[in-house]
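Asks: Give me a model of this one.
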Amino acid sequence: MKTKQIKSYFTLFFLLLLSVFSPCFGQSQVVFSKINQTNGLSNDRVSCIVKEKNGFVWIGTENGLNRFDGNKIKIYNKQNSNLSSNDIADLLIDRKGRIWIGTFGGGLNLYNHTNDKFIAYKNILNNNTSIPSNELNTLFEDSKGTIWLGTKNGLSAFNEKTQTFKTYQFDSKNVYSISHNDVRSIYEDGNKNLWIGTFGGGLNKFNPTTRKFNRIKSSSAISPDYIHSLCAINKNEILIGTSGKGLLTFDVNSLSFQKKSYGIDKTINIVRCLKRDRNGLIWIGTDGVGLFKIKNINSTRPRVDNYTNDSQTDLSISSNAIYALMEDENSNIWLGTAWNGVDVLSLNKDYVFIPSTSKGESPISVLSVYKNKEALFMGLDGKGLTVFSEKTNSTKRYNSTNKNSIGDDYIQYIYEAQDGTLWIGTFVNGLVNFNYKTGSFTPFKQNLGDSKSLSFNDVRYIVEDEKNNFWIATWGGGLNYLDVKTKEFKSFKEKTGSKNTISSDNVLSLQKDGSLIWMATFGGGVNLLNTKTNQFKVFKSVEGNPNSISSDYLYSILKDSKGNIWMGTAGEGINLLDTKTQKINRFDAFKNVRYQTVMAIVEDNNGLIWFSTKQGIFNYNYATKTFKNFSNLNEDYHINSGFKDEKGILYFGCSKGVVKFNPEIIKVKNVTP
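Replies: Next comes the predicted model:
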């Protein structure tokens with residue numbers, strides 16, 4: 001089986017994503033995360049989506065079956081497995097946790113978790129106990145556990161004991177037979193009756209006890225012949241998605257069809273899929289006018305939202321043709337589109353997503369984030385500094401094109417000093433002091449002829465000492481100390497052959513601990529500088545020594561409220577140094593943590609330690625000695641782009657904006673050893 005690593009653009013994630021607050025317009029917006037061929041999907045024409053309890057998402061396409069684990073996609077097809085067809089029509093996870101695969105051309109498949117193979121059930125010529133057709137449309141499990149197949153050649157029930165199929169087909173001589181053999185949808189009501197939607201023969205009601213069909217026909221012009229989907233909205237009404245008649249409502253008591261708008265003001269001709277979620281919201285996937293969400297559908301004034309593709313932003317829904325709908329355990333809605341793969345929408349209210357750009361602009365990575373009473377500051381990757389004021393609902397952007405401005409488009413760190421001014425680390429313009437109130441900028445740059453200038457212009461981290469002077473981490477120039485009064489810098493760079501030296505000039509993160517400065521370097525491990533003696537102590541990875549750090553390549557470091565040091569590595573997980581015992585914990589027992597790439601570390605007001613990683617956001621609880629993760633917050637996070645504001649709200653910068661949440665109310669899941 002072919003396995004593809006999803007590009008970090010999604011590490012989604014899955015994605016994806018979430019209800020958001022737009023800093024550019026100050027209004028609610030919705031963001032759709034994407035899974036498609038560009039990041040590993042076998043094909044962009046998606047017919048069905050299901051999710052297992054173990055977290056695997058299975059995606060059926062026109063060319064292959066995909067298993068997504070939140071990070072990688074594993075592809076199954078006829079070429080690399082014993083799957084009977086590449087064209088996947090429908091997927092079903094039954095009450096026993098088994099995965100059934102309905103194909104278009106290869107019959108029915110049952111996945112064997114033990115050997116990662118498939119068992120195929122195909123049509124056998126002149127055998128009426130085999131499935132009636134290898135072309136399947138839909139799969140359904142009833143309340144008794146019977147698996148039903150909607151095929152191109154009739155409705156079929158699988159007898160698991162005898163491994164045979166009982167098929168019901170149209171018979172022109174029998175008025176109690178099904179009205180048409182092309183079965184597209186199946187629904188079971190509270191009385192155990194099955195409602196069957198056919199493509200060409202309209203709606204049928206099937207009584208499993210008498211095994212008779214009642215063909216629902218009406219003289220009304222809206223009576224449908226071509227049905228794609230069925231969904232109950234209450235015990236008396238069924239929504240019907242049709243081809244040609246749009247969305248219809250069927251009254252099970254009067255056996256009549258009605259055309260209700262439910263507040264929808266657009267013309268809908270084709271409804272491909274319908275879904276009622278656990279919160280009672282109705283989701284309608286159309287072929288041409290996007291996705292509809294209806295709240296309070298049984299009230300006199302339902303609330304309708306319509307999501308359509310906006311070609312000016314890749315945050316919108318990717319297609320107006322929706323062929324599949326799935327709700328996961330986190331209330332995320334997964335959409336299978338006709339030509340653009342999978343979209344994921346989260347309506348989780350535990351957190352918000354703040355886009356880095358306004359409508360019409362492509363998303364930009366947020367390299368740094370800071371929030372004070374005045375504004376939210378986002379340091380962008382190539383577009384300068386964006387400042388959003390909630391008080392005035394206004395946005396300003398400072399970049400290299402503005403005269404007397406920040407002088408750089410890559411803003412890597414933002415720090416507010418005791419005097420209220422901001423100190424900003426840039427990529428090529430060095431260290432910049434920004435007075436937000438006056439709008440003035442003062443740059444401090446490297447001067448090759450001046451040893452008392454900044455040692456390198458690539459500034460990654462800034463901390464302030466008790467004298468209101470600054471320690472500055474640079475990439476390529478080691479550690480710097482700025483005396484604000486004299487405006488002179490002192491640099492600490494790697495000295496080959498010296499025993500007392502910083503171990504790498506690539507310093508990414510700093511933490512001040514009294515007279516001690518902790519440094520995370522990329523390639524030189526963790527460094528500790530005693531500023532009173534100017535002596536360095538280096539912590540490096542030693543093969544075979546579990547009490548050494550797990551990697552010399554680090555992105556982030558944090559001194560927590562207990563005085564312990566947390567270290568985030570590039571691909572070797574999280575390390576914790578107990579400063580009292582000098583012992584290091586690599587958390588080897590936690591497989592989901594062991595090989596993480598840790599981008600930023602923040603402690604919340606309750607002493608929980610939060611980590612943004614390449615696989616989402618985790619926290620650690622000292623009291624329980626456990627990690628928990630928030631699976632919805634899978635994004636491509638950035639180095640040291642994490643912050644806690646004065647109210648305890650956490651912010652993490654990622655590839656499209658900023659994830660913001662209250663750590664006291666967010667829902668997390670245990671990470672088991």
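Asks: worst-scoring helix or strand of the chain, pLDDT-wise?
Replies: Least confident helix or strand of the chain, by mean pLDDT, DSSP states H and E, is strand 19-21 with a mean of 34.
Asks: What count of nearby residues applies to the nearest residue to N332 once chain neighbours are set aside?
Replies: In space, N332 comes closest to S346 once its chain neighbours are excluded; the distance is 4.6 Å by Cβ to Cβ, 6 or more residues apart in numbering. All C-beta spots, glycine's among them, are computed from the backbone N, C-alpha and C. Residues near S346, counting by other Cβ atoms under 10 Å, number 27.
Asks: Can you tell me how far L149 is from A89?
Replies: Counting by Cβ to Cβ, to the nearest Å, the gap from L149 to A89 is 10 Å.
Asks: Between those two, which has more neighbouring residues?
Replies: Neighbours were counted for L149 and for A89 using other Cβ under 10 Å; L149 has more, 28 against 24.
Asks: circling back: which neighbours do L149 and A89 share?
Replies: Overlap of the contact sets of L149 and A89 (by Cβ atoms under 8 Å, 6 or more residues apart in numbering) consists of 102, 136, 138.
Asks: which one of those residues has the most neighbours?
Replies: Result: L136 is most packed of those (other Cβ under 10 Å), 31 neighbours.
Asks: So what touches the helix or strand containing that one?
Replies: With secondary structure defined by DSSP states H and E, L136 is part of strand 136-141. Here strand 136-141 makes contact (Cβ under 8 Å, 6+ apart) with 89-92, 94-95, 100, 102-104, 107-108, 147-152, 182-188, 199.
Asks: do that again at 7 Å, thanks
Replies: 89-90, 92, 94-95, 100, 102-104, 108, 147-152, 183-186 (Cβ atoms under 7 Å, 6 or more residues apart in numbering).
Asks: Just confirm L454 contacts L431, I think it does.
Replies: Yes. Counting by Cβ atoms under 7 Å, L431 is a contact partner of L454 at 5.9 Å.
Asks: Between the two, which has more neighbouring residues?
Replies: Neighbour count, other Cβ under 10 Å: between L454 and L431, L431 has more, with 25 against 22.
Asks: give me the beta-bridge partners of the residue nearest to K260 when sequence neighbours are not counted?
Replies: Residue nearest to K260 in three dimensions, not counting chain neighbours: T249, with 5.0 Å by Cβ to Cβ, 6+ apart. Applying DSSP bridges to T249 gives these bridge partners: L239, Q258.
Asks: cool, and F627?
Replies: Going by DSSP bridges, F627 is paired in beta bridges with Y620, V671.
Asks: and A89, that's in a strand?
Replies: Yes. Under DSSP: H, G, I helix; E, B strand; the rest coil, A89 falls within a strand.
Asks: could you pull out the strands for the stretch 251-400 of the chain?
Replies: Per DSSP state E, counting those that start in this stretch, the stretch 251-400 of the chain carries strands over the ranges 256-258, 271-276, 282-286, 291-295, 303-307, 322-327, 332-337, 342-346, 351-355, 366-371, 376-380, 385-389, 394-398.
Asks: Contacts for the fifth one, please.
Replies: Looking back up the chat, that one is strand 303-307. With contact meaning Cβ under 7 Å, 6+ apart, strand 303-307 is reached by 30, 262-264, 266, 290-296, 317.
Asks: cool, the third one as well?
Replies: The set of residues that contact strand 282-286 without belonging to it, under Cβ under 7 Å, 6+ apart, is 233, 239, 247, 268, 270-277, 291-294, 297, 322-323, 325, 333, 335.
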